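Novice: okay, here's the prediction I keep looking at, along with the sequence it came from:
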Amino acid sequence: MDTIGANLQAVKSRIARAAQACGRAAADVGLVAVSKTFGAEAIAAARAHGQRAFGENHAQEAVAKIAALAGEQIEWHFIGPLQSNKTRLIAEHFDWVHSVDRLKIAQRLSAARPPALAPLQVCIQVNIGGEATKSGVAPADALALARAVAALPRLRLRGLMAIPPASDDGAQQRRQFAQLRALRDKIAAAGISLDTLSMGMSADLEAAVAEGATLVRVGTAIFGTRARLKETA
């Protein structure tokens, strides 16, 4: 577990260097530690080193961890594909949802959010690369979805999220993230205020920070290689 602390510090240093390189403050870039498939003990180790926000993508697995770590003052982010039959579980236990990609899901989350809790913070997931294997609304449909989601009670629309096609080319990484930033700006120009760009993972966080990421989602670089992987964080 000491390795997790060292890895966490290394990731924070990467974020700070990336921010400095483009004239941004490191404090303007939040870190979501993607703990999916790792146990509560790994999360507790990262929490002991000051990490507060954690990302999960399987509702039932996450809820068990949330119960085990009750009292740790953790901010829980759901970052995986959303299924209709899991929306109540997610609405009742998470603080953020990054992966809203259709109005029906947003409506179900809004209806299921307990009134005693603060509004659920949500991002719209955009399929920047048009990949059939990934979730997300098409860029051309994002503004209409943002308008509809912003009008729902019990939700607070914060911004956009994307998982672009994997690339080892730093310039290509930046071009992809720039598309999401431009889309955010377009939606903002239409009168919908957005303050969050959730983009960048272990392999490309520097490019994401350079293009304006406010949240990066990092798992492998903190916790190590997972036993099962669908989308590397």
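Specialist: Structure's in. What do you need?

Novice: only C-alpha atoms from now on, for both contacts and neighbour counts.
Specialist: Fine.

Novice: list phi and psi for Gly30.
Specialist: phi -80, psi 160 (degrees, to the nearest 10).

Novice: wait, it sits on Val216?
Specialist: Yes: in this structure, Gly30 is within contact of Val216 by CA atoms under 8 Å, at 6.4 Å.

Novice: give me the more crowded residue out of those two.
Specialist: Between Gly30 and Val216, Val216 has the larger neighbour count (other CA atoms under 10 Å), namely 26 against 17.

Novice: skipping adjacent residues, who's closest to Pro114 in space?
Specialist: Spatial nearest neighbour of Pro114, chain neighbours left out: Glu92 (6.3 Å); criterion: CA to CA, 6 or more residues apart in numbering.

Novice: quick one: what helix or strand has the one you found in it?
Specialist: Glu92 is part of helix 87-93, with elements assigned from DSSP states H and E.

Novice: check which helices and strands that helix is in contact with.
Specialist: If you count contacts as 3 or more CA pairs under 8 Å, 6 or more residues apart in numbering; DSSP states H and E, helix 87-93 packs onto helix 59-68, helix 103-112.

Novice: hey, which of those is tucked in deepest?
Specialist: Among those, the stretch with the highest mean neighbour count (mean count of other CA atoms under 10 Å) is helix 103-112, at a mean of 19.

Novice: please enumerate the helices of this structure.
Specialist: Shown for the chain, the helices assigned by DSSP state H span residues 2-21, 40-48, 59-68, 87-93, 103-112, 142-150, 170-189, 205-210, 220-223.

Novice: what are the contacting residues of the first one?
Specialist: Counting contacts by CA atoms under 8 Å, 6 or more residues apart in numbering, the residues outside helix 2-21 that touch it are 25-26, 29, 31, 42, 45-46, 49, 205-206, 209-210, 221-223.

Novice: buried ones in it?
Specialist: 4-5, 7-9, 11-12, 15-19 (16 or more other CA atoms under 10 Å).

Novice: what angle do that helix and helix 40-48 make?
Specialist: Relative orientation of helix 2-21 versus helix 40-48 (axes from the mean of the first three to the mean of the last three CA atoms, to 10 degrees): 50 degrees.

Novice: relative to the whole chain's centre, how far out is helix 2-21?
Specialist: Relative to its parent chain, helix 2-21 has a centroid offset of 18 Å by CA atoms, centre = their mean, to the nearest Å.

Novice: now that helix: average pLDDT?
Specialist: What helix 2-21 shows for mean pLDDT is 97.

Novice: and for stretch 37-50?
Specialist: Averaged over stretch 37-50, pLDDT sits at 96.

Novice: with stretch 133-143 instead?
Specialist: Rounded mean pLDDT across stretch 133-143 is 96.

Novice: give me the contacts around it.
Specialist: 81, 99-102, 124-128, 130, 162, 183, 187.

Novice: measure it end to end?
Specialist: 22 Å (CA to CA, to the nearest Å).

Novice: can you put the helices and strands packed on helix 87-93 in TSV and add distance to Met199 and mean pLDDT?
Specialist: Below are the helices and strands packed on helix 87-93 laid out as TSV (distance: least, CA to CA, whole Å; pLDDT from 0 to 100):
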stretch	distance to Met199	mean pLDDT
helix 59-68	21	96
helix 103-112	20	98
